[in-house]
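A.B. asks: need a 3D model of the following:
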Amino acid sequence: MPSPLIKTMIEKYHYPLLTEENFNDFVNSQDECVLFFTENPARYPESDDVAMILPELVKEYGNRFSAAVIDQKDQQKLQMRFGFKKWPSLVFLRQGKYLGVISKVQDWLDYLEKINAILTSEPQSAPGFIIPVDSVVAPSTQ
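C.D. replies: Predicted coordinates:
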C-alpha cells in the first residue's frame, strides 16, 4: 500500500500505477518516461521525499517525460529488470529502452545534472543483477 503522500501524488498528478501486466504497454507507448520505484515507504521513508520531488522534476523538464509509479506488489519483479539496489529509485526509459537510474534522494542540482546526462544518452542495456558463480575445478587425475 502506498503511503498517503504517494497516494495523493498519484491522484493529484494522474500518474498511472503500473503492474507487471500493464508495464510493457505503458513504457513502450511513451517517448520518454520515469518510473518511480517506492518500495515500502515505511521501510524507506525517502520515498515520501521523492514523491514531493518527482512532480517538480516533471515540471522542470516541461513534461518532456511522463511519470508512473510501480505498484508495490510488483516492485521486486520489475526491479530485477533494471538492477538497481537502493530505494527509492527513478528509472528513465525512452520508448521502453533503459536510459539510467537515480536512487535515493538527491540535491536539486544533482538531480538536474544526472537527468540531463540521462536524457542526452542513448538507450543501453539495463545493468540487471549479476549472480556470482563460483567455479569448481575438478581435481586432476594423475
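A.B. asks: from now on I want contacts and neighbour counts done on CA atoms only, so please keep to that.
C.D. replies: OK.
A.B. asks: top helix in this structure by residue count?
C.D. replies: Within the chain, and with DSSP state H defining each element, the longest helix by residue count is helix 46-60.
A.B. asks: I'd like the next helix or strand past it.
C.D. replies: strand 66-70 (DSSP states H and E).
A.B. asks: quick one, strands of the chain?
C.D. replies: Applying DSSP state E to the chain gives strands spanning 17-18, 32-37, 66-70, 89-94, 97-103.
A.B. asks: which of these sits closest to Glu60?
C.D. replies: Relative to Glu60, the nearest member of the strands of the chain by C-alpha to C-alpha is strand 66-70, separated by 12.1 Å.
A.B. asks: partners of that closest one, with directions?
C.D. replies: Strand 66-70 pairs in its sheet with strand 17-18 (parallel), strand 32-37 (parallel), by DSSP bridges.
A.B. asks: kindly export the longest one (C-alpha atoms) in CSV.
C.D. replies: Okay, so that is strand 32-37. Only the C-alpha atoms of strand 32-37 are listed here, as CSV (Å, rounded to 0.1, in the frame of the first residue of the first chain):
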residue,chain,number,x,y,z
GLU,A,32,10.4,9.2,-22.5
CYS,A,33,9.2,8.2,-19.0
VAL,A,34,10.4,8.0,-15.5
LEU,A,35,9.3,5.1,-13.3
PHE,A,36,9.1,5.7,-9.5
PHE,A,37,10.0,2.6,-7.5
